[in-house]
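Student: compute the structure for the input listed below.
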Amino acid sequence: MKAHFYHPIDDSLEAKARAFKEAYRAWLNIEASFHYYDQQGWEDRLGSKEDLQNAMEVTTTTLEMAINSFSIEDLHTLTQEGLIDRNEIDYLESYLSEDKNTKTSIIEARKAEVRNLRNVEPSRSYFDKDL
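Tutor: Below you'll find the predicted structure:
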């Protein structure tokens with residue numbers, strides 16, 4: 001089993017929504033960390049590239065677990081009861097409504113980005129590759 005931090009208090013929709021919100025915020029934060037990693041002034045504050053990659057793996061595993069705890073039917077309840085905000089519901093809808101057999105999830109795309117980042121030359125910035 002992969003490392004994760006998905007631990008809802010119980011199996012209620014409210015607890016799962018809180019755990020999802022935590023995972024989603026962490027995922028947004030790690031995305032931002034990758035964005036700022038190579039920018040001057042941030043390189044010593046965010047940890048090593050390996051630290052960020054490990055954090056991304058744990059975060060994406062957690063987010064996948066949180067997302068998979070919901071059904072499509074849960075989306076209506078989550079929205080109706082205001083348990084998650086519009087951006088979160090849009091993210092969940094896009095993930096849950098895709099066909100399981102042909103799905104290339106946003107998380108899988110991010111994992112591919114992490115794998116590609118590992119192969120980037122250390123002397124070149126991730127954002128300077130195409131310049």
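Student: quick one: contacts for I89?
Tutor: Shown in contact with I89 (CB atoms under 8 Å, 6 or more residues apart in numbering): L75, L78, T79. (Glycine included, C-beta is placed from N, CA and C.)
Student: how far does the one helix or strand it maps to sit from the chain's center?
Tutor: I89 is part of helix 86-96, with elements assigned from DSSP states H and E. Relative to the chain's own centre, helix 86-96 is displaced by 12 Å; criterion: CA atoms, centre = their mean, to the nearest Å.
Student: quick check: mean pLDDT across it?
Tutor: Helix 86-96 carries an average pLDDT of 82.
Student: try stretch 117-131
Tutor: On average, stretch 117-131 scores 56.
Student: quick one on the thing from earlier: please identify the buried residues of the helix holding I89?
Tutor: By neighbour count with 16 or more other CB atoms under 10 Å, helix 86-96 contains the buried residues E88, Y91, L92, Y95, L96.
Student: low-confidence regions, the protein specifically.
Tutor: The model of the chain has pLDDT under 70 over residues 1, 40-44, 46, 97-110, 120-131.
Student: save the buried residues of helix 86-96 as JSON lines, and put in distance to N29 too.
Tutor: Output for those, formatted as JSON lines (distance: CB to CB, whole Å):
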{"residue": "E88", "distance to N29": "14"}
{"residue": "Y91", "distance to N29": "15"}
{"residue": "L92", "distance to N29": "18"}
{"residue": "Y95", "distance to N29": "19"}
{"residue": "L96", "distance to N29": "23"}
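Student: between those, which is nearest W27?
Tutor: Distances from W27 to those, taken as CB to CB, are shortest for Y91 (9.2 Å).
Student: distance of the closest residue to the closest one other than its chain neighbours from D90?
Tutor: Counting by CB to CB, 6 or more residues apart in numbering, Y24 is the residue found nearest to Y91 once chain neighbours are left out, at 6.8 Å. To D90, Y24 is 11 Å away according to CB to CB, to the nearest Å.
Student: isn't the residue nearest to Y91 up against L63?
Tutor: Yes. Applying CB atoms under 8 Å as the test, Y24 and L63 come out as touching, 6.4 Å apart.
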